[in-house]
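Engineer: Sequence first, predicted model second:
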Amino acid sequence: MLVNPIGSLKGELTLPGDKSITHRAIILGSLADGVTEITGALRSDDCRHTAKAMGTMGATVEELGGDRLRIQGCGLHGLKEPDKILDVGNSGTTMRLLAGVLAAQPFFSVLTGDQYLRARPMARVATPLRSMGATILGREGGNFPPLAIMGTHLKAIDYVSPIASAQVKSAILLAGLFTEGETTVTEPSLSRDHTERMFEALGIPIHRNGLSLRVESIKKIPSFQVDIPGDFSAAAFFIVAAMVIPGSELTLRQVGINPTRTGLLDALRSMGGVIEVSCRRIISGEPVADLHVRSQALHGTEVAGALIPRMLDEIPVFAVAAALADGSTIIRNAAELRVKEVDRLAALVKELRRFGVQIEECPDGLVIHGGASLSGCHCDSWGDHRMAMAVAVAGLAARGSTTISDSSCVSSSFPDFWTRLDAILPGAAIPYADVGRTSNLALGTS
């Protein structure tokens, strides 16, 4: 992909559906009785892997027009043993959440993924599921995929998680729906809470006490209808781009603003950024709003502690904002970035240095010396969707052209990122529905 510098970003966008919520809706819809309908579903590779896995085990997931899905669920206890290995591609969410479901099934299954997912640690989710009674085997002592799972009748546990992870929490909560007694999971700080919100919306009993959640077995999940808001993590790239590229002004419609996800807004505000939030409402149990962003001067800041889990996926593009801000920015307590699709801390250091940014790598974070005048360069996406989109934002703000290798990896979470970006570039005064017909010269292919 070739990205050229631009004068400004103008217009408004509606973002694709939230990836995290889409995963959960597909899984719960597949375990429900009857027909579930989902509007606003994200049509990404990761979410399709979840749908395919559930389909292999007996659910019927039908793609309707636009962003709609119809699921014929097979009931809480109706999954059948898969007759093949469940390949979930690059989707860590699919693997970890399905591990929680499969641990409770009376059959054998195997979960695998691509080369990047097979390098990601799974002991964090396998350990509590083993303590519930499931047999889970994997490479290197059971720590890495493929995971071979022999499910069983699980017992309830009281688990204190050493990390704040929505995927670990969700796997335990899903498993807890099948156990006898009450299962509790406690986090060191609050991770994204889409699973518990969806449980509440579906009438599944769940109880919170501070950082602890408690569930117990249920007999069935009723079919449901859900409208999924725009993905905040997708919006993040446009928020930062509009803020750092002079003369830009964007409105992002119907974006999910779940407070467990919007740490980026707090971080940008600490840098002097102003994001206007309007038309707040609740859709299917999730807070939603329109966001208005204008270009503005930013200064360095420090982000750490409980803020990090609320902005972990947004740190790659936040690092771009920090590179263009005045002064230095420090990121701490973000070692979790080393076990994402790739080691994102190492990747950010290497790629931002290509643009001329002074950046230091720390064991659990970064020190970014801002005020950089970025120079176009050749970048590697590392096969990581968030890295690809972050360096694209840097390329738009740079002097000279930037090329990005393996830019197609954005299909994991945001398949039409490039066309939606094209729609708000100068001269692209065409609605999103028509952007496939015209390509603005600020973007090209290579």
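Structural biologist: Received it, and whenever you're ready, just let me know what you need. Residues are numbered from 1 along each chain as shown.
Engineer: Then residue 243 would be within a helix, right?
Structural biologist: Yes. Under DSSP: H, G, I helix; E, B strand; the rest coil, residue 243 sits within a helix.
Engineer: Can you give me the neighbour number for it?
Structural biologist: 26 (other Cβ atoms under 10 Å). Yep, even glycine has a C-beta here, placed from its N, CA and C like the rest.
Engineer: what's the distance between residue 324 and residue 331?
Structural biologist: Taking Cβ to Cβ, to the nearest Å as the measure, residue 324 falls 15 Å from residue 331.
Engineer: Please verify my assumption that residue 98 contacts residue 110.
Structural biologist: No. Residue 98 sits out of contact with residue 110 when judged by Cβ atoms under 8 Å, with a separation of 11.1 Å.
Engineer: Can you pull the residues that touch both of these two?
Structural biologist: Any residue near both residue 98 and residue 110 by Cβ atoms under 8 Å, 6 or more residues apart in numbering counts here, and that gives residue 86.
Engineer: Neighbour count: the two, which is higher?
Structural biologist: Per other Cβ under 10 Å, whichever of residue 98 and residue 110 has more neighbours is residue 98, with 26 against 17.
Engineer: how about that one, what does it touch?
Structural biologist: The contact partners of residue 98, by Cβ under 8 Å, 6+ apart, come to 27, 50, 53, 86, 88, 111.
Engineer: Which of those residues fall in strands?
Structural biologist: Among these, the ones falling in strands (DSSP state E) are 86, 111.
Engineer: Out of the contacts of residue 98, which comes closest to residue 384?
Structural biologist: residue 88 (16.4 Å; Cβ to Cβ).
Engineer: State the number of residues packed around the closest one.
Structural biologist: Neighbour number of residue 88 under other Cβ under 10 Å is 26.
Engineer: list the contacts for it?
Structural biologist: So residue 88 contacts 49, 50, 53, 94, 95, 98, 111, 112, 113, 117 (Cβ under 8 Å, 6+ apart).
Engineer: Could you rerun that using 10 Å?
Structural biologist: Going by Cβ atoms under 10 Å, 6 or more residues apart in numbering, residue 88 touches 45-46, 48-50, 52-53, 94-98, 111-114, 117, 145.
Engineer: gap between it and residue 369?
Structural biologist: As judged by Cβ to Cβ, residue 88 and residue 369 stand 39 Å apart.
Engineer: just how off-centre is stretch 130-144 within its chain?
Structural biologist: In terms of Cα atoms, centre = their mean, to the nearest Å, the centre of stretch 130-144 is found 25 Å from the chain centre.
Engineer: What average pLDDT does it get?
Structural biologist: Averaging pLDDT along stretch 130-144 gives 94.
Engineer: wait, doesn't residue 321 sit right on residue 264?
Structural biologist: Yes. Between residue 321 and residue 264 a contact is recorded at 8.9 Å, counting by Cβ atoms under 10 Å.
Engineer: so what sits against both of those two?
Structural biologist: 236, 239, 240, 273, 314.
Engineer: any chance of the residues you listed in CSV, with distance to residue 176 too?
Structural biologist: Shown next, in CSV, are the shared contacts of residue 321 and residue 264 (distance: Cβ to Cβ, whole Å):
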residue, distance to residue 176
236, 31
239, 35
240, 37
273, 40
314, 29
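Engineer: Nearest to residue 351 among the residues you listed?
Structural biologist: The shortest approach to residue 351 among the shared contacts of residue 321 and residue 264 belongs to residue 240, at 15.2 Å (Cβ to Cβ).
Engineer: residue ranges with poor pLDDT in the protein?
Structural biologist: 427-446 (pLDDT under 70).
Engineer: Recalculate using a threshold of 50.
Structural biologist: Within the chain, the segments meeting pLDDT under 50 span 428-446.
Engineer: Mind splitting it into its structural domains?
Structural biologist: 2-16+229-444, 19-213+222-227 (automatic domain parsing).
Engineer: end-to-end on the last one?
Structural biologist: In domain 19-213+222-227, first residue to last residue: 13 Å (Cα to Cα, to the nearest Å).
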